[in-house]
Each structure stands twice: as structure tokens, then as C-alpha cells.
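prediction below, plus the sequence it came from.
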Amino acid sequence: MPELPDVEVFKQYLDATSLHKEIDRVKVHSTQVLEGISATKLRRRLEGHTFESTRRHGKYLFVRLNDGNWLVLHFGMTGSLKYFKDLDKDTPHDRFLIGFSNGYHLAYDSQRKLGKVGVVDDVKKFIKEKDLGPDALDANFDMRAFEEALTGRTATVKAALMNQQYIAGIGNIYSDEILFQAGIRPQTRVNRLKGKNLERLFHVSKEVLRTAIDCRADPGEFPNSYLIPVRHKGGSCPKCERAICKVKVSGRTAYYCSHCQKKP
DNA sequence: CCTATAGCCTGACGGC
DNA sequence: TGCCGTCAGGCTATAG
């Protein structure tokens, strides 16, 4: 689930629940999710501190501590945050649990353990080391930057949109939605897209991601014209009602409408 | 330089 | 019912 819109919603959730509260207990249930830090060190970095603010870049969430360091959260393919009071609730995969002095907890859930948790002192440096491209919703990420990110690529447009080094934040699900709304098939090579199509793709990308955030990344709230709610076997196109096609594109499962999305 | 692919993990689902 | 293969919304290392 966790692509840019989902992570943005997690950010808003963390902002609304977990800022300015003293952290008095940290438990690491799975060290596999830790990156560049031991459980002991992570505990030491957090206990006695507070979260002050958050930032997001692509699919990464950064939480600033009152000592200036940042907790980094990445959610992998299955991950989420949950704030709650009573333990032994329904968070069977909480790999990492924060206890606040008010008696509440924040659980970092990562069922498949493909997420990552760490602490860094410099977000910019982290982004550079990970070689992440510009955030897809950054105001500075304009048409010019979009063209620059994709120009000369021979990859499929789906793979290019999903490549975090080119653009940060778009994953398998939202690339399908963007391409559906843009009327472009996922197999199309990026270098075949010119002028108008590229511009359309750019605007649609922004639009889809913003809309998803407005809908709290909940497919149940998405507009009727969206692919995601019917993106499964047996789904039919919200525009023409024909059956949705499922294919592998650049190693990932892609869904599209063969009638509404033009052949490359 | 580039793109494509296997593997990391766990759990849900469908077919036999 | 039970077992087994397949697949899942991410990323990385490695091969071509």
C-alpha cells in the first residue's frame, strides 16, 4: 500500500497523534526492519525525547526529534502506523513500538518486514545517499523537471514512473492509475512520449496523487472515474466498462484498459 | 551508462 | 479439510 499518498496520510496521522509527547518506552520486536542502527541504540536515541515535526520525501517519512535528529520510516510493501492506548490490540505485526508518557502507543506495523526504520541527522544527506529523485508533489518539481527526469529513458513508462531515482513517490498501484487517467499504456517506452502526451502525463501525475491524498488514500473514497477501486481480476473499466487487462510490465503486475489507453 | 530479474519476508488465496 | 504453489502495492544487488 504505502506509496506517496499513503505515506502522506501516515504523516498527517502522526502529526495529529504523536507530536510533543514524551517517549518513555521503545520496543523493537523485529531487528530485521532496522537499518544502520541497533535496537539498543534506537531505544537510546528515542527514549526521553519527543517528536517535533515531520517531513516526507517520496515514500519516506522523517520525524524530527527534539535533539535535531530524525527518525526515518519506510513502509515497504505492507506497512502502517497505528496510535492506540491498550496493548495486545490488533497489531500483530508491530515490529517497533513506541510508548508515550500519556499511556498511548505508536506502532510501526510491517507484516512482511520489508520496511525500514533508522535514525539520521541530515535528511538532505539521506536523500542524496539513497539517490532519490525529486518528490512527485514537490512544488519545484515542474514540467521541466519532469521532462528532465524521464528524457532519454528507454524503459517502459510504467517502470520509469516507478523508478525512485527519477521521481520519488510513485509505486505500482499509482503508476497504473496515472497511466489510466493519461490514456497511455504501461508498456509504452518513455522515449516514445512527446510534447502533449508528456505534458498530460505530468499534469495527471500531480492530479492523481493530490486527489488520492484528499481521499485519505482510501480507494473507497476515490472518484468513480478511477481505476484503483476496480484494479483486480474481473474488474471493468470505469469509463467504457470493458474488462480490465492484467499483464506483466517490467516485472510488475500492471492493470489497464485496452480501449481507453492507447497502444504504444 | 542503461534495463531486467531474482530475492528478501510473511500471509492470503485458489486449485487440487 | 489440508497442502502447496503463486502472488502481493518495495527495494537492492546482480546479470545482461
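Cool, the structure landed.

what sits up against the helix or strand bottoming out on mean pLDDT in chain A?
Lowest on mean pLDDT, DSSP states H and E among the helices and strands of chain A sits strand A:245-249, with a mean of 91. Outside strand A:245-249, the residues that touch it by C-beta atoms under 8 Å, 6 or more residues apart in numbering are A:156, A:158-159, A:186-187, A:233, A:253-258. (Glycine included, C-beta is placed from N, CA and C.)

hmm, stretch A:77-90 touching DNA strand C?
Yes - interface with DNA strand C: stretch A:77-90 contributes A:Met77 (C-beta under 7 Å from any atom of the strand).

looking at that stretch now, give me its mean pLDDT.
The predicted model assigns stretch A:77-90 a mean pLDDT of 86.

picking up where we left off before, so which of the contacts of strand A:245-249 wins on neighbours?
A:Pro186 (28 neighbours; other C-beta atoms under 10 Å).

in which helix or strand does A:Val63 reside?
strand A:60-65 (DSSP states H and E).

elements contacting that strand?
In terms of contacts (3 or more C-beta pairs under 8 Å, 6 or more residues apart in numbering; DSSP states H and E), strand A:60-65 is packed against helix A:4-18, strand A:51-57, strand A:70-74, helix A:123-129.

so of these, which one's packed in deepest?
Neighbour counts (mean count of other C-beta atoms under 10 Å) averaged over each of the helices and strands packed on strand A:60-65 peak at strand A:70-74, with a mean of 23.

so does it get close to DNA strand C?
Yes - residues of strand A:70-74 contacting DNA strand C under C-beta under 7 Å from any atom of the strand: A:His74.

could you do stretch A:140-154 as well?
No - using C-beta under 7 Å from any atom of the strand, stretch A:140-154 stays clear of DNA strand C, coming no nearer than 10.0 Å.

say whether DNA strand B is contacted by that stretch.
Yes - Stretch A:140-154 is in contact with DNA strand B by C-beta under 7 Å from any atom of the strand, via A:152-154.

quick one: end-to-end distance for that stretch.
Separation of the first and last residues of stretch A:140-154 by C-alpha to C-alpha, to the nearest Å is 25 Å.

could I get the buried residue list for it?
By 16 or more other C-beta atoms under 10 Å, the buried positions in stretch A:140-154 come out as A:141, A:146, A:149-150, A:153.

distance between stretch A:203-223 and the chain's centre?
Put simply, stretch A:203-223 sits 13 Å off its chain's centre (C-alpha atoms, centre = their mean, to the nearest Å).

same question but for stretch A:5-18, I mixed them up
So, by C-alpha atoms, centre = their mean, the centroid of stretch A:5-18 is 12 Å from its chain's centroid.

average pLDDT for it, rounded please.
Rounded mean pLDDT across stretch A:5-18 is 97.

contacts for it next, please.
A:2, A:51, A:53-56, A:58-61, A:63, A:73, A:75, A:80-81, A:83, A:98, A:100, A:104, A:106, A:137, A:169, A:174, A:209, A:212-213, A:216-217.

and that stretch with DNA strand C, contact?
Yes - interface with DNA strand C: stretch A:5-18 contributes A:Asp6 (C-beta under 7 Å from any atom of the strand).
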